[in-house]
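[1] Let me see the structure of the following:
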Amino acid sequence: MGDSRNEKGYEMAPQSDPEKGGADGEIEQAEWTGLGKEELLRVADTPAWNWARNILLILFWIGWLAMLVAAIIIVVKVPRCPEVEWWEKSVFYQAYPRSLQDSDGDGVGDLKGAEKRLDHLESIGAGVLYLNSIFKERNATGADGGSVDIGYDITDFKDVDMSLGSLEDFDNLVASATGKDIKVILEFVPNHSSDEHPWFVESRKSQDSEYSDFYIWADGGGVATSPPNDWKNAYGEDAWNWDDGRQQFYYAYFGPKQPDFNYNNDTLRQEILDILTFWLADHKVDGFVFSHVDYLFEPPITTVANGVRRRRQAGTTGATTAPGGETVVTTAPGENTPVAEPEPVPSKPMPPQYDFVGGNSETQMKLFGLLKEWRKLLNDQSYLGKYRLMIAQSEGPINEVAKLYGTNGTYIADYPLNTGFLDTFDELSGTSVATSVDNWMKAKMNNNNQKRWNTWMTGCHDRSRIATRVGSEYVDALNFMMLTLPGTPFVYYGEEIGMKDVPVTDAQDRVPEVHPAAGEESRDPFRTPMPWTNATNGNFTWENATIYMPLPADAAENNVQAQSMKDFSNLNILKELAELHKEPSIVAGKFIKVIDDANVFAYIREFGEWPKYLVVINVGADATHNFYDLASEAGSKVPMEGKIVLSTSGMERSGKMKKDGKRKGTRESLSSFKTAAGEAVLIKV
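    Model (predicted):
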């Protein structure tokens, strides 16, 4: 059979017989040059190719339209994710640095130890490490008795205390944290320095010193027994202290060893800005918690404390409690109408010289002016991917604390620490917790800050641990609440394993010793070292080291390693809560109160079309039955059933139910749903 291509008239490339040589006897290579342009056009114009081309074109456009329609459906139908910043969605982990981890065997925690424990933060879902004061301070055991208030007798704001390490150690900590996508923020102590700080040493030498007005000085009656006025310090003693060298009084709210800064001095303000810039620009911190900002300015020194309490702002009562049975929807649009001011009860009574509540006093305006300077600096030091966070802490009434967000349209702190929430646990009940939440929301609303972010905590370095205050059986329930309320949770180290206060005989906190009349209790018991394993010294420090404060008595059984191996330990429940905290409805959803009574505090969290959750927390003394009827009596509507996502009394590792336990993943009829005292349940509804 011949070549059909020749029969159809195609021009063929020259052929040669490989068995025969060419003219010169060499073997010729067969060569195929392909089809020419005209040949290709003739082939492409055949009916078969035309049909194939048209079919493929039609299929292409059908596919393209299908993808377009699918994209539109996805955009329209799939729920949108909430837009939240890192400081809004993260779980914060507050650590007292001397008690987290020791790395060098001296028995005291340090920055290298904190770096070693970053894996723990990762494991519990914490995205921010918040360190209490790390600045260089007076010698802990000096000739005068040493530091009274460890961490706060600061002699150099641009250095790390030698007991904690060095600036290099801090830089390594930040670098390691950044590698794990963990932010690092510092507590900054702006109110005072140590009396051994070089600024104060120079200030007390002469009224003509360069640093003369960095602190608050006054003549008084000219003798040591005649202070300028009757202001008292934090411990009820005279706040004025006579200095023989300068022949004047200096003001110190936190005691004679901690003289207050004078923020009316522009040079001092610039020095503080330089210090903040040093940590932001040179050492890459992600922000600051500015502590005790309510004590940064005082009224004119001529003011006598007795009888000069400022009036509260017109139109507020200062004594109206929030209605206990009201249903509150906090983030729904249109809630701009001011409501009754919540009870302005501070964490402790404000001294008269700081009782300038009302917002229009000259002193408070000075405070807001200073905070705005710090806000501007943090903004200036922020850049794409590196936002610098500003948190303010105050002991004032909550309506005043809420002003730290900013007033009259200004933006100051990203949020204040809601330390007043800790007072709720003094008389724990469903109603007390709900009222505290209501009051915080309303304080924000009173200041037109209702859309700003909240903060919640169950412990801190200045308050007794929650397991000691209310009992270990309520630890999980309160952690449940902290991580499911709308806002940012702050976990104080040790609370994730339900640590209790530890009796300490060799005091580190010398405030009760130095100021006995104040009746202050030592803060050492809730600042003790973290037990990591059941080893000697709990793997906090070397086994042969002398630990600086004792471990809990139950450290051999109650430690991080032991709890990590138990499914429903405090630690593992908190880990699950931290993961659930990422759910859109929980991290950014609307908050709707359902029930609050003597036992139960329950609420719904919902965000757009995402699944919504019912949180039921029993912080009372009694078990509750028939949740659906309780909700109906409160005027709240809840579904008849829901799927249990997490319960503090869930399934054991063996798969068998605990007594009265609830199996994770099962559907539960809310008409017969009951909770035990100290139990908390998260239900998808």
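
[2] just the strands in the stretch 451-600 of the chain please.
    455-457, 488-492, 590-596, 600-606 (DSSP state E, counting those that start in this stretch).

[3] residue contacts, residue 245?
    204, 205 (Cβ atoms under 8 Å, 6 or more residues apart in numbering). The C-beta positions use only the backbone N, C-alpha and C, and glycine is treated the same way.

[4] Next up, identify which helix or strand it is on.
    Secondary structure from DSSP states H and E places residue 245 outside every helix and strand.

[5] got it, and residue 172?
    helix 167-179.

[6] Who does the spatially most central residue of the chain form a beta bridge with?
    Central residue of the chain (Cα atoms, centre = their mean): residue 92, 3.5 Å from the mean position. With DSSP bridges applied, residue 92 shows beta-bridge pairing to residue 128, residue 490.

[7] Now do the contacts for it.
    Residues near residue 92 by Cβ under 8 Å, 6+ apart: 126, 127, 128, 130, 488, 489, 490, 491.

[8] what's the pLDDT at it?
    pLDDT, residue 92: 98.

[9] Same question for residue 237.
    With respect to pLDDT, residue 237 scores 92.

[10] how about the strands of the stretch 201-350 of the chain, start to end?
    Under DSSP E, counting those that start in this stretch, the stretch 201-350 of the chain gives strands at 217-218, 240-243, 248-251, 287-290.

[11] Just the mean pLDDT for the lengthiest helix in the chain, thanks.
    Looking across the chain with DSSP state H, the single longest helix is helix 47-77. For helix 47-77, mean pLDDT rounds to 83.

[12] May I see the strands of the stretch 451-600 of the chain organised as TSV, with mean neighbour count and distance to residue 412 added?
    Formatted as TSV, those follow (neighbours: other Cβ atoms under 10 Å; distance: least, Cβ to Cβ, whole Å):
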stretch	mean neighbour count	distance to residue 412
strand 455-457	22	15
strand 488-492	25	17
strand 590-596	22	24
strand 600-606	25	28
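
[13] which one of these lies closest to residue 189?
    strand 488-492 (18.1 Å; Cβ to Cβ).

[14] now what about the closest one, what contacts it?
    Counting by Cβ under 8 Å, 6+ apart, 87-94, 124, 126, 130, 415, 417, 453-461, 465, 479, 482-483, 574, 581 sit against strand 488-492.

[15] okay, and the helix or strand of this structure with the least pLDDT?
    helix 4-7 (a mean of 46; mean pLDDT, DSSP states H and E).

[16] low-scoring stretches of the stretch 251-400 of the chain, by residue?
    Counting by pLDDT under 70, the stretch 251-400 of the chain contains low-confidence residues at 303-349, 355-360.

[17] how about the helices in it?
    For the stretch 251-400 of the chain, applying DSSP state H, counting those that start in this stretch gives helices covering 266-277, 362-380, 398-401.

[18] Please identify the most buried of these.
    helix 398-401 (a mean of 26; mean count of other Cβ atoms under 10 Å).

[19] quick check, distance from that one to the centre of its chain.
    How far helix 398-401 lies from its chain's middle: 19 Å, per Cα atoms, centre = their mean, to the nearest Å.

[20] How about stretch 567-585?
    Mean-position distance between stretch 567-585 and its chain equals 16 Å (Cα atoms, centre = their mean).

[21] State the mean pLDDT of stretch 439-455.
    Computed over stretch 439-455, the average pLDDT equals 94.

[22] Could I get the pLDDT score of the residue nearest to residue 113 when sequence neighbours are not counted?
    In this structure, residue 113 finds its nearest non-sequential neighbour in residue 101, 3.0 Å apart by Cβ to Cβ, 6 or more residues apart in numbering. For residue 101, the model assigns a pLDDT of 98.

[23] correct me, but residue 101 touches residue 119?
    No: at 11.0 Å, residue 101 and residue 119 do not qualify as touching, with contact defined as Cβ atoms under 8 Å.

[24] So for these two, which sits in the more crowded spot?
    Just comparing residue 101 and residue 119: by other Cβ atoms under 10 Å the higher neighbour count belongs to residue 101, 23 against 10.

[25] What distance do you get for residue 292 to residue 149?
    Relative to residue 149, residue 292 is positioned 12 Å away (Cβ to Cβ, to the nearest Å).

[26] Which one's more surrounded, these two?
    residue 149 (21 against 18).

[27] That one - nearest residue in space that isn't next to it in sequence?
    Excluding the flanking residues, the one nearest residue 149 by Cβ to Cβ, 6+ apart is residue 511, at 5.9 Å.

[28] residues near the one you found, how many?
    The number of residues packed around residue 511, counting by other Cβ under 10 Å, is 21.

[29] again with residue 361
    By the criterion of other Cβ under 10 Å, residue 361 has 17 neighbours.

[30] The stretch 1-150 of the chain: helices as residue ranges?
    Under DSSP H, counting those that start in this stretch, the stretch 1-150 of the chain gives helices at 4-7, 37-44, 47-77, 86-89, 111-116, 118-123.

[31] Of all those helices, which one is nearest residue 516?
    When these are compared by Cβ to Cβ, helix 111-116 sits nearest residue 516, at 33.7 Å.

[32] Could you export that closest one as PDB, CA atoms only?
    Once non-C-alpha atoms are left out, helix 111-116 reads as follows in PDB (Å, rounded to 0.1, in the frame of the first residue of the first chain):
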ATOM      1  CA  LEU A 111      13.800  36.100  81.000                       C
ATOM      2  CA  LYS A 112      15.700  33.100  79.600                       C
ATOM      3  CA  GLY A 113      13.300  30.900  81.600                       C
ATOM      4  CA  ALA A 114      10.400  32.800  80.100                       C
ATOM      5  CA  GLU A 115      11.800  32.100  76.600                       C
ATOM      6  CA  LYS A 116      12.000  28.400  77.500                       C
END
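
[33] Mean confidence (pLDDT) on it, please.
    Here the average pLDDT along helix 111-116 is 98.
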